[in-house]
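Trainee: build me a model:
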Amino acid sequence: MAMPDLSVDLTGKLLIAMPAMEDPRFAGAVVFVCAHAPSQSMGLIVNKVMEDITFAEMMEQLEISRRGAIPRVPVCFGGPVEMQRGFVLHSSDYRARGEEGMRIDHRFSMTGTLEILEDIAAAKGPHRAILALGYAGWGEGQLDAEIQRNDWLTVDATPELVFDLPMERKWNAAVESLGINPLMLSSEAGHA
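Mentor: Residues are numbered from 1 along each chain as shown. Model prediction:
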């Protein structure tokens, strides 16, 4: 069997945790890869909603005033690294002030500043957004080794999958986008 080409840039792709994922923080996760380089990689889990805080409560805690109704922005567990930091994965129609934002491609950007939260609260933010607390990080070669070990499937990210689907539907939809029936994936590795 040929080994996969691990030199592919995964930036802007989704990682789908395989059923045998041993790390409970990533079990059932769909991770948007914000940056992938040989030295390190960074991503945000986009399908694990934080049950103990809402966007409205976060705005109140940060003392951000809002105009009108509070937008529906999901707050996700972005990953186990620096959980006190927030990152907004959003549509690229919003431009962060100065050099604060990171354009991932023509559909996705990421911003990690208080200003984007203020803009969202003032109805001047991006059309689509997810707030992630914390992030997933991998050191040199770590993500590539996990993919080679079959911990993750990879698939192209779409705004519909990332922003529009209910959280509990994203893992199945990501697997289905590969033409795979999620019920056919087993948590046990097999060998021919």
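
Trainee: switch to C-alpha atoms for all contacts and neighbour counts from now on
Mentor: Fine.

Trainee: any chance you could map the helices in the protein?
Mentor: 55-61, 114-121, 142-148, 159, 167-176 (DSSP state H).

Trainee: would you turn those helices into JSON lines with mean neighbour count?
Mentor: Converted to JSON lines, the helices of the chain look like this (neighbours: other C-alpha atoms under 10 Å):
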{"stretch": "helix 55-61", "mean neighbour count": "14"}
{"stretch": "helix 114-121", "mean neighbour count": "19"}
{"stretch": "helix 142-148", "mean neighbour count": "17"}
{"stretch": "helix 159", "mean neighbour count": "14"}
{"stretch": "helix 167-176", "mean neighbour count": "18"}
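
Trainee: list just the one of those helices that sits closest to Ala20.
Mentor: Set against Ala20 and scored by C-alpha to C-alpha, those come closest in helix 142-148, at 12.0 Å.

Trainee: returning to what we had before: what's the closest of the helices of the chain to Val49?
Mentor: helix 167-176 (7.0 Å).

Trainee: which residues are contacting that closest one?
Mentor: Residues outside helix 167-176 that contact it (C-alpha atoms under 8 Å, 6 or more residues apart in numbering): 16, 28-30, 46-49, 155, 161-162, 181-182.

Trainee: for the nearest residue to Asp9 once chain neighbours are set aside, what are its contacts?
Mentor: Leaving aside its sequence neighbours, Asp9 sits nearest to His36 (C-alpha to C-alpha, 6 or more residues apart in numbering; 6.1 Å). Applying C-alpha under 8 Å, 6+ apart to His36 gives the contacts Asp9, Leu10, Thr11, Met42.

Trainee: which of these count as buried?
Mentor: Among the contacts of His36, the ones that count as buried by 16 or more other C-alpha atoms under 10 Å are Leu10, Thr11, Met42.
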